[in-house]
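Asks: here is a sequence with its predicted model. Questions after.
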Amino acid sequence: MAKKVALLQGNEACAHGAVYAGAKFFAGYPITPSTEVAEVLSVELPKVGGKFIQMEDEIGAMAAVIGASLTGAKAITATSGPGVSLKQELIGYACIAETPCVIINVMRGGPSTGMPTGPGQSDVMQARWGTHGDHAAIAVVPASCQEIYSETVRAFNLAEKYRMPVQVLYDEIVGHMRERVEFPEPGELEVIDRQAPDVSPEDYKPYDATKGQVPPLAAFGSGYKFHVTGLNKAADGFPTTKAELVDAEERRQVDKVMDNAADIEKNEEYMTEDAEVILWAYGSTSRSARYAVNELRSQGVKAGLFRPITLWPFPEKRTLELAEQVKAIVVPEMNLGQMIYEVERVSQGKCKIAGVHRVDGEPLNPGEIMAKVKEVL
Amino acid sequence: MAYDYEKSIRPGKLPHIWCPGCGHGIVMKGLIRAMDTCNLDRKMTSIVSGIGCASRLPGYLDACTLHTAHGRAAAFATGVKMANPEMTVICCGGDGDGTAIGGNHFIHACRRNIDMTYVIMNNYIYGMTGGQFSPCTPTGHLASTTPYGNPDPVFDISKLAIGAGATYVARTTAFHATQIDKLIAEGIKHKGMAIIEVLDDCPTTYGRRNKFRSVVDMMKRLKDMAVPVQAASKMTAEQLEGKILTGVLYKEDKPEYCEQYQNVIERAQGKAS
Ligand SMILES: Cc1ncc(C[n+]2csc(CCOP(=O)(O)OP(=O)(O)O)c2C)c(N)n1
Ligand code: SF4
């Protein structure tokens, strides 16, 4: 049987990806340019027995998502810059309480209300550090409608596997563009469910590190009674201020991501083998960068594209290797410089680094990227 | 009926953090009795709170307990209940938590008429942070941030809940300890949003500052203020000046949110097949 295909907006593809991944709960608050994710899920979730709720604000939506996830449901919310800013306290809650959930951030211009219908890539640092306290972060940055579908599925998988919030960041351009999207067959994409406890309810501890870096999570209502809090806590979930317990828990929660960076990491490379200059680009910007690589190659410039699909944890190892190989790395971004600082940090001065920036709501075009490459070479 | 409080308390979790004379413990005992009366299966009961002294309550109880962020109890609880409507969901917390930072979630949970019971402990103050005024601090009273007397008007939590759409609203006080469990139990049995406001006392940060010399003084004040709704119907406006009505203030049968959503699912699936 031929595969089902459709001409889908990125946001629509996201919603269908969520259903494929087994999402059973959405809570959100409308905000451009993410709203279609909610609209499609309001149609699709009840069809599969899932629940959709439009909450009173983004904070409430994030709270409901965490509550739903604790009953075992795969849960998702979708928003844009100002909405993510509101969710920040509870993103931290999901981190410390180790509650799997997926947060879609369709990036627009900013700060504040900024440009609701204009694209931006200026929340990439918010995705890393956008809550108080020390914590690890996982964020993915798809660049096409098909990839939004599959990366939304992967975001759920990572959330369930590592028991934490995972952000899917894409800019308004990919969120609102329409492309041919193939619906994968059941089984075609991997779908991971959180690990259930293998001990009796009496012996269950929700943060029992002896069960590994990611202790199993029981569901409320499944026979297990336990306590969940946003306070620093011991293995049994109850608050503690004992220095050694707090320290061990904090470190475990960061290490579970950093020690598994290779499993979480996903990049794409294009013509990097012999490249003398790398375009380091993500999201819609990477599409202009790819075009620029082809043009530059036709003009005899050995250009290549490195495209992170996992943005956090940051692709440190591969970025350093490339920095050691090339004369220059050019980072085009729809912000005034955010990921370029990370590229600079991990490149350790091994090559020249330059940025191409735009914050006027217009896409970065291949011409301006090429001009910057010629300038630095 | 004799109650086995031990059975409901999580082993090893006492003593609690509350100050001597704090009313929160009285409310917790009432909640335990109510849960017993309703014969709740603790494995299927989720007790959700925000942040504050009152919000520490769930940690002491043996159930699926969720201590969330300041003000967000009703929103977390909405997620729990919607995702698993089989569960009995009980929220608890303070007046500041529920009606200041959590005011938006509070009124919208009432509006949806989602089937949960919210026990709100109104001690007129922000206890945990050391006695700043809350939306329920009486005008003119002293708090750490109203050194010249509170200029703010006061929220009537029960009226707010009724106005917002809660379908069971009751009020009592920490003095009327034996009424607490009856009202909570009725709230748990009620299908829809049940708000039980308990006028509570915080001797440490509110009482001291406002010259209620002892916990006994504070309890006496609660006793004197309370007028059962039945009695109030025979009293004049003058007699009711400064009094607070207690008992079941409002009760109505209205469609419950999760049940309504079940209709949505059926409609969606009907179309799909
Ligand atoms: C976002 C946020 N803001 C402020 C606080 C600080 N805070 C903790 S408890 C509290 C007040 C609690 O008062 P109330 O809800 O009336 O409960 P009580 O302590 O009196 O029982 C405040 C302001 C916080 N924890 N989180
Ligand atoms: S500060 Fe007030 S509310 Fe908090 S425990 Fe002490 S008496 Fe109770």
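Replies: Nice, thanks for sending it over. Numbers count the residues shown, from 1 in each chain, chains lettered A, B, ... in the order given. Ligands and ions are numbered 1, 2, ... in the order given.
Asks: hmm, residue A:197 is touching residue A:224, no?
Replies: Yes: judged on C-beta atoms under 8 Å, residue A:197 makes contact with residue A:224 at a distance of 6.8 Å. For every residue, glycine as well, the C-beta is placed using N, CA and C.
Asks: give me the common contacts of those two.
Replies: Overlap of the contact sets of residue A:197 and residue A:224 (by C-beta atoms under 8 Å, 6 or more residues apart in numbering or on different chains) consists of A:204, A:218.
Asks: what bridges to residue 227?
Replies: Because you didn't say which chain, this covers chain A. Listed by DSSP bridges, the beta-bridge partners for residue A:227 are residue B:65.
Asks: try chain B instead
Replies: Beta-bridge partners of residue B:227, counted by DSSP bridges, are residue B:245.
Asks: surely it touches residue B:247?
Replies: No: using C-beta under 8 Å, residue B:227 is not in contact with residue B:247, being 9.1 Å away.
Asks: how about the most centrally placed residue in chain A, secondary structure?
Replies: The residue lying closest to the centre of chain A (C-alpha atoms, centre = their mean) is residue A:139, at 2.5 Å. Counting by DSSP: H, G, I helix; E, B strand; the rest coil, the backbone at residue A:139 sits in strand.
Asks: quick one: it from ligand 2, how far?
Replies: Using C-beta to the nearest ligand atom, to the nearest Å, residue A:139 is found at 39 Å from ligand 2.
Asks: try residue A:138
Replies: Per C-beta to the nearest ligand atom, residue A:138 is found 38 Å from ligand 2.
Asks: residues in contact with that residue?
Replies: By C-beta under 8 Å, 6+ apart, the contact set of residue A:138 is A:155, A:158-159, A:162, A:164-167, A:257, A:264, A:310, A:312-313.
Asks: what are the bridge partners for it, then?
Replies: Beta-bridge partners of residue A:138, as defined by DSSP bridges: residue A:166.
Asks: what's the distance between it and residue A:254?
Replies: Distance from residue A:138 to residue A:254, counting by C-beta to C-beta, to the nearest Å: 12 Å.
Asks: again, but for residue A:313
Replies: Distance, residue A:313 to residue A:254, by C-beta to C-beta: 10 Å.
Asks: returning to that earlier point: so which of the contacts of residue A:138 are in helices?
Replies: A:155, A:158, A:159, A:162, A:257, A:264 (DSSP state H).
Asks: got a list of what the third one touches?
Replies: Residues counted as contacts of residue A:159 (C-beta under 8 Å, 6+ apart) are A:74, A:100, A:101, A:102, A:138, A:165, A:166.
Asks: what pairs with whatever helix or strand the fourth one lives in, parallel or antiparallel?
Replies: Here residue A:102, judged by DSSP states H and E, is contained in strand A:101-109. For strand A:101-109, sheet partners with direction are given as strand A:75-79 (parallel), strand A:115-119 (antiparallel), strand A:165-171 (parallel), following DSSP bridges.
Asks: for the second one, buried residues please.
Replies: Put plainly, it is strand A:115-119. Residues A:115, A:118, A:119 are the ones in strand A:115-119 that count as buried (16 or more other C-beta atoms under 10 Å in any protein chain shown).
Asks: partner residues bridging the last one?
Replies: To tie it back to what came earlier, the one meant is residue A:119. Assigned bridge partners for residue A:119, using DSSP bridges, are residue A:108.
Asks: thought it was touching residue A:288?
Replies: No: using C-beta under 8 Å, residue A:119 is not in contact with residue A:288; the gap is 11.8 Å.
Asks: shared neighbours of the two, anything?
Replies: residue A:363.
Asks: returning to what we had before: residue A:64: which of the contacts of residue A:138 is nearest?
Replies: For the contacts of residue A:138, the minimum distance to residue A:64 (C-beta to C-beta) is 13.9 Å, reached by residue A:165.
Asks: what about the closest one, neighbour count?
Replies: Neighbourhood size, residue A:165 [other C-beta atoms under 10 Å in any protein chain shown]: 32.
Asks: element containing the nearest residue to it once chain neighbours are set aside?
Replies: The spatially closest residue to residue A:165, leaving aside those adjacent along the chain, is residue A:94, at 4.1 Å (C-beta to C-beta, 6 or more residues apart in numbering or on different chains). In the assignment (DSSP H and E), residue A:94 maps to helix A:81-96.
Asks: angle of that helix against strand A:101-109?
Replies: Angle between the axes of helix A:81-96 and strand A:101-109 is 150 degrees (criterion: axes from the mean of the first three to the mean of the last three C-alpha atoms, to 10 degrees).
Asks: helix A:81-96 - contacts with which helices or strands?
Replies: Judged by 3 or more C-beta pairs under 8 Å, 6 or more residues apart in numbering or on different chains; DSSP states H and E, the packing partners of helix A:81-96 are helix A:58-70, strand A:101-109, helix A:124-129, strand A:165-171.
Asks: that one vs helix A:58-70, what angle?
Replies: Going by the same axes, to 10 degrees, helix A:81-96 makes 30 degrees with helix A:58-70.
Asks: got the residue ranges for the strands in chain B?
Replies: Counting by DSSP state E, chain B has strands at residues B:45-49, B:64-67, B:88-94, B:116-122, B:125-126, B:132-133, B:168-173, B:193-199, B:226-228, B:244-251.
Asks: nearest to residue B:212, of those?
Replies: Judged by C-beta to C-beta, the one of these that comes nearest to residue B:212 is strand B:125-126, at 11.8 Å.
Asks: residue A:135 is in contact with residue A:254, correct?
Replies: Yes: between residue A:254 and residue A:135 there is a contact at 6.8 Å, judged by C-beta under 8 Å.
Asks: these two: who's more crowded?
Replies: residue A:135 (20 against 15).
Asks: most neighbours of all the contacts of residue A:138, which one?
Replies: Of all the contacts of residue A:138, the highest neighbour tally under other C-beta under 10 Å goes to residue A:165, namely 32 neighbours.
Asks: tell me the contacts of that one?
Replies: Residue A:165 neighbours (C-beta under 8 Å, 6+ apart): A:91, A:94, A:95, A:99, A:100, A:101, A:102, A:103, A:138, A:159.
Asks: now the angle from the helix ranked longest in chain B to strand B:193-199?
Replies: In chain B, taking DSSP H as the definition, the longest helix is helix B:257-272. For helix B:257-272 against strand B:193-199, the angle by the same axes, to 10 degrees is 160 degrees.
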